[in-house]
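S.K.: Could you work out the structure for the sequence below:
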Amino acid sequence: MGQEAPYQGAVYQPVPGHPGGGWWAGAVIVALVCLAGGVAIGTIVERNKYEAGKPAYDAIFSAGYASGQGEGTYQGKKAGRKEGRRVGRKVGFQKGKTAGQKAGEIQGTADGASAALGGLTGWDPQSNYIVNVQDGPSAQVPFAISRRTEMVRGSSYSLCNSNPQQVCVRNKR
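M.R.: Okay, here's the model as predicted:
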């Protein structure tokens, strides 16, 4: 038969050929130390690749710069268009308002003159006229011309006997 181990009391004896608990604890500690060392070394190696000026750093910097520049340009144009529309509406409104007011003043002056002149057209600025005045159409135009008679050289003018509201013309020839 085989050899027998002498009795050593009540102490547990591991079965020969199988590691004990202490061995496993030591193995776990060694594995953890190796793992931590590997992580530390890997981190340092990778970190060194990305130091400023190194090719890996330059590659990610260039990619980030290009992406950021593209997005920044897009966002800037978008904001610029929005601001441009806002300012354009404001400026356009103001110019339109000013042009409209000017056109309104011109039209109002023309309408007022037409009302004051009784709607009579064809006035000659080199001629003299005898006019009949009546009440105007509004408070802004209190008087209006109801009738006109152009004065001609060699004629005499007087109120008509039949209607003192009218001017009678007599040729002096």
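
S.K.: how close does Leu120 get to Gly22?
M.R.: When distance is defined by CB to CB, to the nearest Å, Leu120 is 128 Å away from Gly22. No exception for glycine: its C-beta is placed from N, CA and C like everyone else's.

S.K.: which of these two has more neighbours?
M.R.: Leu120 (15 against 9; other CB atoms under 10 Å).

S.K.: Wait, a strand at that one?
M.R.: No. Under the criterion used here (DSSP: H, G, I helix; E, B strand; the rest coil), Leu120 is coil, not part of a strand.

S.K.: Please give me every residue in contact with it.
M.R.: Leu120 makes contact with 145, 148, according to CB atoms under 8 Å, 6 or more residues apart in numbering.

S.K.: Give me the neighbour count for Ile130.
M.R.: By the other CB under 10 Å criterion, the neighbourhood of Ile130 contains 13 residues.

S.K.: Next up, identify which helix or strand it is on.
M.R.: Counting by DSSP states H and E, the element that carries Ile130 is strand 129-135.

S.K.: Which neighbours in the sheet does that strand have, and how are they oriented?
M.R.: strand 143-150 (antiparallel) (DSSP bridges).

S.K.: Now do the helix or strand just after the strand it pairs with: distance to the chain's middle.
M.R.: Next helix or strand after strand 143-150 toward the C-terminus (DSSP H and E): strand 155-159. With CA atoms, centre = their mean, to the nearest Å as the basis, the distance from the averaged C-alpha position of strand 155-159 to the chain average is 71 Å.

S.K.: Poorly predicted segments of this structure, please.
M.R.: With pLDDT under 70 as the threshold, the chain has low-confidence stretches at 1-2, 5-17, 173.

S.K.: Which segments of it make up each domain?
M.R.: The chain resolves into domains spanning 21-109, 122-171 when parsed by automatic domain parsing.

S.K.: Mind putting those into CSV with distance to Ala116?
M.R.: Putting these into CSV (distance: least, CB to CB, whole Å) gives the following:
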stretch, distance to Ala116
domain 21-109, 10
domain 122-171, 5
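
S.K.: so which of these comes closest to Ala115?
M.R.: Comparing these against Ala115 with CB to CB, the closest turns out to be domain 122-171 (4.6 Å).

S.K.: what about the closest one, how long is it end to end?
M.R.: For domain 122-171, the separation between the terminal residues is 23 Å (CA to CA, to the nearest Å).

S.K.: From the chain's centroid, how far away is that domain?
M.R.: For domain 122-171, the gap between its own C-alpha mean and the chain's C-alpha mean amounts to 60 Å (CA atoms, centre = their mean).

S.K.: quick one on the thing from earlier: give me the residues contacting the strand holding Ile130.
M.R.: With CB under 8 Å, 6+ apart as the test, strand 129-135 has contacts from 118, 123, 142-151, 157, 165-167.
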